[in-house]
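Asker: predicted model follows, preceded by the sequence.
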Amino acid sequence: DAKTTQPTSMDCAEGRAANLPCNHSTISGNEYVYWYRQIHSQGPQYIIHGLKNNETNEMASLIITEDRKSSTLILPHATLRDTAVYYCIVRASYADKLIFGTGTRLQVFP
Amino acid sequence: NAGVTQTPKFQVLKTGQSMTLQCAQDMNHEYMSWYRQDPGMGLRLIHYSVGAGITDQGEVPNGYNVSRSTTEDFPLRLLSAAPSQTSVYFCASSRGGVRITEQFFGPGTRLTVL
């Protein structure tokens, strides 16, 4: 699986969009980009995933660059409840494993 | 649906003791996995299973055993606990067999080994 690089931490004002970047420059054609988040000490929670096209669901949007070497998770209107560690993961469609890195700690402030 | 349940929530062991962490899911998911998370760190995959009777090793399998006799249950056994195994353990499940889709995580078991 391709390695991902994320900033260690980010801040965002409540109500503003939170844009979390992820670099995956060694990604291959059959690898998906997944995003999970972990609030405090709870189990991680799935947010979104994509292959090539941008994706949107009720939680977030995922923007993948045309060369697929990086992506951005967008939380359109961040709330205090979005304070969490966000993990960007790259996984091949046939792979059995989901390998987590250390993620980005997002702090949403009032 | 209860989702993914883990027992116990907390456990303290002495070095050398053995124990089993329980994980169960009621979503009929083929895929189940165990992760550990050390303080301030990300999750590391211990073992996983793509279906009943099939298990495989993850990143950090040493000191742990698993078995998958039913679709619902995936227990994790610590053979001889060591202080280095102090961690929070998360179980997860997903549908789809080898095509992992969204993984659902349990609430975790917080284990301390003295």
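Answerer: Ah, there it is. Since the model is a prediction, treat every value here as computed from it, not as a measurement.
Asker: so in terms of bridging, what pairs with the residue of chain B found nearest chain A?
Answerer: Nearest residue of chain B to chain A (Cβ to the nearest Cβ) works out as B:Phe105 at 2.9 Å. Yep, even glycine has a C-beta here, placed from its N, CA and C like the rest. Residues in a beta bridge with B:Phe105, per DSSP bridges, are B:Ala92.
Asker: which secondary structure element is home to the residue most central in space within chain B?
Answerer: Centroid-nearest residue in chain B, with Cα atoms, centre = their mean: B:Trp34, separated by 3.0 Å. When elements are assigned from DSSP states H and E, B:Trp34 belongs to strand B:31-37.
Asker: between the two ends of stretch A:4-20, how far is it?
Answerer: 13 Å (Cα to Cα, to the nearest Å).
Asker: how about that stretch, does it reach chain B?
Answerer: No. With Cβ under 8 Å from any Cβ of the partner chain as the criterion, chain B is not reached by stretch A:4-20; the gap is at least 10.2 Å.
Asker: how far away from the center of its chain is that stretch?
Answerer: With Cα atoms, centre = their mean, to the nearest Å as the basis, stretch A:4-20 stands 10 Å off its chain's centre.
Asker: that one: which residues count as buried?
Answerer: A:Thr4, A:Gln6, A:Met10, A:Cys12, A:Ala18, A:Leu20 (16 or more other Cβ atoms under 10 Å in any protein chain shown).
Asker: farthest pair within these?
Answerer: Farthest pair in those (Cβ to Cβ) is A:Thr4 and A:Cys12. Separation: 20.2 Å.
Asker: circling back to that earlier point, switch the buried residues of stretch A:4-20 over to a markdown table, and while doing so, append secondary structure, pLDDT and distance to B:Ser69 to every line.
Answerer: A markdown table is the format used below for the buried residues of stretch A:4-20 (DSSP: H, G, I helix; E, B strand; the rest coil; pLDDT from 0 to 100; distance: Cβ to Cβ, whole Å):
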| residue | secondary structure | pLDDT | distance to B:Ser69 |
| --- | --- | --- | --- |
| A:Thr4 | coil | 93 | 35 |
| A:Gln6 | coil | 96 | 38 |
| A:Met10 | strand | 97 | 44 |
| A:Cys12 | strand | 96 | 46 |
| A:Ala18 | strand | 98 | 43 |
| A:Leu20 | strand | 98 | 40 |
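Asker: do you have the helices of chain B handy? List them.
Answerer: Using DSSP state H, chain B contains no helices.
Asker: which intervals of it have sub-threshold pLDDT?
Answerer: The model of chain B has pLDDT under 70 over residues B:96-100.
Asker: residue numbers of chain B in contact with chain A?
Answerer: So chain B meets chain A at B:4, B:31, B:33, B:35, B:41-45, B:48, B:50, B:56, B:58-59, B:88, B:90, B:92, B:98-100, B:102-108 (Cβ under 8 Å from any Cβ).
Asker: chain B contacts on chain A?
Answerer: A:36, A:41-46, A:49, A:87, A:91, A:93-103.
Asker: smallest gap between chain A and chain B, at which residue?
Answerer: Closest point on chain A to chain B, by Cβ to the nearest Cβ, is A:Gly43, at 2.9 Å.
Asker: find the nearest non-adjacent residue to that residue, please.
Answerer: B:Phe105 (2.9 Å; Cβ to Cβ, 6 or more residues apart in numbering or on different chains).
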